[in-house]
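Below: sequence and its predicted model.
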Amino acid sequence: MSETPPLHRRSRSLRAVAGDVLRRARPFLLDLVRKGRTQGFRAAASYLLSRVTELTENLVYEYRTVGGNPSLPEGWTVQTFHGEGDPDIDRLVRAGGGEEMHHFRRQAVAYVLSIDGEPVAHGWRYPWDPVARWLGPDAVYLGSAWVRPEWRGRGINGAFFAYVTGHMPAGTRVVMLVAVENRASQASLAKSPARCLGLLRVRMVLAMVWKIRLLPVPPGVLAGPRASRAREPGERGPGV
Ligand SMILES: CC(C)(COP(=O)(O)OP(=O)(O)OC[C@H]1O[C@@H](n2cnc3c(N)ncnc32)[C@H](O)[C@@H]1OP(=O)(O)O)[C@@H](O)C(=O)NCCC(=O)NCCS
C-alpha cells in the first residue's frame, strides 16, 4: 500500500515547481517590467497579450483532387518520407527540409522531388491540422512547399503540386495557407486549379485555436501569374 507523503514534503515540491516556473518566466517578466517603465502600460499590456495569444492572417486555398495518377517528366521522381529514421533522409535534407523534421511528430509525410537524381524541392502533407479541420473535417493540409532557389520560377512547384494531388483519391479536399506577402507562392498557385477562398484570420490562445474567421481577400493582395515566363514546366534547370 502506498503511503501519502507528509504535507511538508508535498508543499516543498510544490514550492520547487513554483520556483522553476518563476525561474523560466523571469526573463519575460523582466522584459515586461522594463517595457512598462520605458514605454508605458499600453505597450506592456500588448506585449503580454502577444505572448499569450497570437493572431495570424493567411490566404487560404482549396482544391478538390481529380485523381488520374499523372506522370512526371522524364528524369523526375518523387519520394515520400514518414520519419527521420528513413535510410534516405539525407535526400530530404538536400531538398531543404533539414530544419523541418519536427513535422514528423504531427504524423506529417514529406515529399521530395528529384530531377536526374538531384533533390530539388520538398513539401509536406499533414493528415490533421486544427485549421484545416475547421475548414472541413475531411480536409488534407499541404504546406511548407520549398524549391531550391536556383530551380525556382520554372514551374517546378506547380508540377510537383499537380503530381502529389493527382495521386490522392479523387475528391480529396486539399487546403493550403499562404502568407499574404508570399507573391511567388500565390503566383504559382494562380496557375494551378486551386482557388483562393479568402483571408483566414486565426486567433490562437495558449497555442490553441480560439477563433477562426474567413474574410474576403482585400483588393490588390492576390498575385496572379506573370504575363511571360522564361521556361516551360519540365524544362531543365541549371547544372547542379
Ligand atoms: C513558392 C515557391 C515554392 C514557388 O516555387 P516555383 O517552382 O518557383 O513555383 P512556380 O515556378 O510553379 O511558380 C512561381 C511563380 O512565381 C513567380 N514569382 C517568383 N517570385 C515572385 C515575386 N517576388 N513576385 C511575384 N511573382 C513571383 C514566378 O515568376 C512564377 O510565375 P510565372 O511562371 O508566371 O513567371 C518557391 O518560390 C519557394 O520555395 N519559396 C520559398 C518557400 C515558400 O515561400 N514556400 C511557400 C510556402 S506556402
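Arrived safely, thanks for sending.

From here on, just use CA atoms for contacts and neighbour counts.
OK.

pLDDT weak spots in the protein?
Low-confidence segments of the chain (pLDDT under 70): 1-12, 128, 225-240.

From the contact counts, what lies against the lengthiest helix in it?
Counting by DSSP state H, the longest helix found in the chain is helix 7-39. Secondary-structure packing of helix 7-39 (3 or more C-alpha pairs under 8 Å, 6 or more residues apart in numbering; DSSP states H and E): helix 41-52.

buried ones in the helix it packs on?
Ala44, Tyr47 (16 or more other C-alpha atoms under 10 Å).

can you list contacts of the following helix or strand past that helix?
Using DSSP states H and E, the helix or strand that follows helix 41-52 towards the C-terminus is strand 53-64. Outside strand 53-64, the residues that touch it by C-alpha atoms under 8 Å, 6 or more residues apart in numbering are 170-180, 193-207, 217.

do the same with stretch 182-195
Under C-alpha under 8 Å, 6+ apart, the answer for stretch 182-195 is 61-64, 155, 157-158, 162, 178, 222-226.

Helices along this structure, start to end?
7-39, 41-52, 89-92, 130-135, 156-166, 183-190.

ok, Glu62 to Ala110 distance?
20 Å (C-alpha to C-alpha, to the nearest Å).

Please list the residues of this structure that sit near the ligand.
143-147, 152-158, 178, 183-185, 187-188, 225-226, 229 (C-alpha under 6 Å from any ligand atom).

For the nearest residue to Arg133 once chain neighbours are set aside, give me its contacts.
Closest residue in space to Arg133, ignoring its immediate chain neighbours: Ala139 at 6.3 Å, by C-alpha to C-alpha, 6 or more residues apart in numbering. The contact partners of Ala139, by C-alpha under 8 Å, 6+ apart, come to Ala132, Arg133, Thr172, Arg173, Val174, Val175.

and what of Ala95?
Val112, Leu113, Pro119, Val120, Ala121, His122, Val147, Arg148 are the contacts of Ala95 under C-alpha under 8 Å, 6+ apart.

Chain neighbours aside, what residue packs nearest to the third one?
Yep, that's Pro119 we're talking about. Once flanking residues are discounted, Pro119 sits nearest to Ala95: 4.9 Å by C-alpha to C-alpha, 6+ apart.

Report the separation between that neighbour and Arg154.
16 Å.

got it, and Ala187?
12 Å.

how far does stretch 95-112 sit from the chain's center?
Between the centre of stretch 95-112 and the centre of its host chain there is 10 Å, according to C-alpha atoms, centre = their mean, to the nearest Å.

For that stretch, buried residues please.
Going by 16+ other C-alpha under 10 Å, stretch 95-112 has these buried residues: Ala95, Gly96, Gly97, Met101, His103, Phe104, Ala108, Val109, Ala110, Tyr111, Val112.

Please name the nearest non-neighbouring residue to the last one.
Of all residues beyond its chain neighbours, the one nearest Val112 is His122 (4.4 Å), with distances taken as C-alpha to C-alpha, 6+ apart.

So the one you found versus Pro219, what's the distance?
31 Å.

who has more neighbours, those two?
Neighbours per residue (other C-alpha atoms under 10 Å) separate His122 from Pro219, with His122 holding more: 28 against 6.

residues contacting that one?
Leu92, Ala95, Gly96, Gly97, Ala110, Tyr111, Val112, Leu113, Ala145, Trp146, Val147.

If we use 7 Å, what do you get?
Ala95, Gly96, Gly97, Ala110, Tyr111, Val112, Leu113, Ala145, Trp146, Val147 (C-alpha atoms under 7 Å, 6 or more residues apart in numbering).
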